[in-house]
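Enquirer: just need the structure, nothing else, for what follows:
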Amino acid sequence: MRAPPGPCASLLAMVLVGLGACSSQGSRGPPSSDVLVTKVTDGDTIHVAFGGHDERVRLIGVDTPEVPWYGAKGECFGVEAGLYTRGRLGARRVRLGFDADRRDRYGRLLAYVYLGRELFNLTLVRLGYATADPVPPDLSMATAFAAAEREARAAGRGLWSACPASPG
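Expert: You can find the predicted model right below:
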């Protein structure tokens, strides 16, 4: 007859389970608890209710064209990207996943945004609303974003067919 596992075995099991939770693709550390999107600024910047206050979030690894802002002319497909993000994420609950850096130089929280099981950052690139924008050290999804951009460009999706001088 075997003796029941001791405290060391139980501790090891808890550590291994915890490590498994931290290894989700596109995220260093487990995604946060669900947050509510309170505002969509443009295609790649949202605001969420996080930790009892409003937090500005920049989507990691992607770049959408700019929208018109305070008299400045927007970029081709910027309005469409912003409307798409607003339609998909506005007033919805999402999960945030993080990479190496938590904040950018403007103080925005840097995150992968999950809508259910969908990585929304990747969807933006795949549908041609954004380009891949790898910024070290936040590179855990850079390969997937680059592949999605090649696919969108080849298929002429979104900005790749709508804009006369598409990026890249």
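Enquirer: contacts and neighbour counts: CA atoms only from here.
Expert: Fine.
Enquirer: now the most centrally placed residue in the chain: how far from E75?
Expert: By CA atoms, centre = their mean, the chain has its centre lying nearest to Y112, at 2.5 Å. Relative to E75, Y112 is positioned 23 Å away (CA to CA, to the nearest Å).
Enquirer: contact partners for H47?
Expert: V37, T38, K39, V40, T41, D54, E55, R56, V57 (CA atoms under 8 Å, 6 or more residues apart in numbering).
Enquirer: for the third one, grab phi and psi.
Expert: I take that to be K39. Torsion angles at K39 (phi, psi; degrees, to the nearest 10) stand at phi -160, psi 150.
Enquirer: hey, what's it bridged with?
Expert: H47 (DSSP bridges).
Enquirer: if I look at the closest residue to A148 other than its chain neighbours, how far off is H53?
Expert: Using CA to CA, 6 or more residues apart in numbering and skipping the chain neighbours, the partner closest in space to A148 is R126 (4.7 Å). Taking CA to CA as the measure, R126 falls 32 Å from H53.
Enquirer: more neighbours, the two?
Expert: Using other CA atoms under 10 Å, the more surrounded residue of R126 and H53 is R126, with 25 against 9.
Enquirer: any idea what L109 is bridged to?
Expert: With DSSP bridges as the rule, L109 is bridged to V57, R103.
Enquirer: ok, the one 4 residues further on next?
Expert: In this entry, V113 is beta-bridged to L96, by DSSP bridges.
Enquirer: that one and L96 touch, don't they?
Expert: Yes. Between V113 and L96 there is a contact at 4.9 Å, judged by CA atoms under 8 Å.
Enquirer: quick one, which of those two is more surrounded?
Expert: V113 (25 against 22).
Enquirer: who's in contact with the more buried one?
Expert: Counted by CA under 8 Å, 6+ apart, V113 has contacts L59, V94, R95, L96, G97, L119, F120, N121.
Enquirer: if we can go back for a sec, hmm, the residue nearest to A148 is touching A154, no?
Expert: No. At 10.8 Å, R126 does not count as touching A154 under the criterion of CA under 8 Å.
Enquirer: now L127: how far from V48?
Expert: Distance from L127 to V48, by CA to CA: 24 Å.
Enquirer: quick one: which of these two has more around it?
Expert: V48 (24 against 21).
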